[in-house]
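>>> Sequence first, then the predicted structure, then my questions.
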Amino acid sequence: MRRPGERAIPGKITVRVGSRKLVLTKGSGESERHVLLKALLFARYIDAYPDLLVERSVGLRYKPDLIEIGSTQSIRFWGECGVTSRQKVQWLVRHVREGHLVFARQAGASDTFVDVVADAVQRQPRHGLIEVLAFGDDAWDQIADDGTIEPAALRPTVTRFDPAPSR
């Protein structure tokens with residue numbers, strides 16, 4: 001079900017960030033919101049992680065929405081979009097220990113989600129940054145009619161969980 005203001009996606013959407021282009025296909029049972037959040041995360045992080053892959057299986061229990069693998073096959077970045085269960089949050093915090101872990105949500109989603117992440121972090125100290133991004137109801141407005149997204153215009157609310165200090 002779409003929220004007011006959400007665009008219907010007929011099957012795919014093409015977004016452009018600078019010289020990069022990404023075609024996102026809406027899968028069966030996937031919400032427009034989920035596709036939107038993948039596009040916004042791509043736009044926000046493509047400069048920092050130029051080898052981002054979307055919906056690419058990496059042989060783990062879960063398939064990331066966005067991922068970048070480092071030269072030593074370590075996870076540098078893992079992005080999760082939309083609804084994420086407590087069990088999956090705990091698994092990601094435990095297994096993506098060094099990489100940058102980002103959860104993208106739409107504002108108005110569960111107000112307790114940040115608490116779920118905080119609980120997982122408290123149980124499992126990490127060495128990588130975790131962020132929870134909440135995009136406002138105007139998130140669709142960030143994609144121009146030609147598919148262009150300006151990363152500097154993205155203004156999500158960001159909750160950061162900084163890495164545990166090294167011993």
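Alright, I've got the coordinates.
>>> how about the helices in this protein?
Here the chain has its helices, by DSSP state H, at 32-45, 86-95, 113-123.
>>> With mean neighbour count, distance to Thr159 and mean pLDDT added, can I get the ones you listed in a markdown table?
For the C-beta atoms, the positions are set from N, CA and C on the backbone; glycine is no exception. Output for the helices of the chain, formatted as a markdown table (neighbours: other C-beta atoms under 10 Å; distance: least, C-beta to C-beta, whole Å; pLDDT from 0 to 100):
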| stretch | mean neighbour count | distance to Thr159 | mean pLDDT |
| --- | --- | --- | --- |
| helix 32-45 | 23 | 15 | 94 |
| helix 86-95 | 17 | 13 | 94 |
| helix 113-123 | 16 | 5 | 92 |
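>>> In contact with Ile67, which residues are there?
If you count contacts by C-beta atoms under 8 Å, 6 or more residues apart in numbering, Ile67 has them with 52-53, 56, 58, 75, 77-79.
>>> same thing with Arg20?
Counted by C-beta under 8 Å, 6+ apart, Arg20 has contacts Ile46.
>>> try 10 Å this time
Taking C-beta atoms under 10 Å, 6 or more residues apart in numbering, we find Arg20 in contact with 42-43, 46-47, 50, 52, 149.
>>> What pLDDT is listed against it?
Looking at Arg20, its pLDDT reads 94.
>>> in the sheet, who's paired with it?
The partner list for Arg20 in beta bridges (DSSP bridges) reads Val17.
>>> Where does pLDDT dip in this structure?
Low-confidence segments of the chain, defined by pLDDT under 70: 1-7, 10, 109-110, 166-167.
>>> sorry, back to before: scan the contacts of Ile67 and report the most crowded one.
Among those, Gly79 has the most neighbours (other C-beta atoms under 10 Å), with 26 neighbours.
>>> Surely it is in contact with Ala43?
No. Using C-beta atoms under 10 Å, Gly79 makes no contact with Ala43, being 11.4 Å away.
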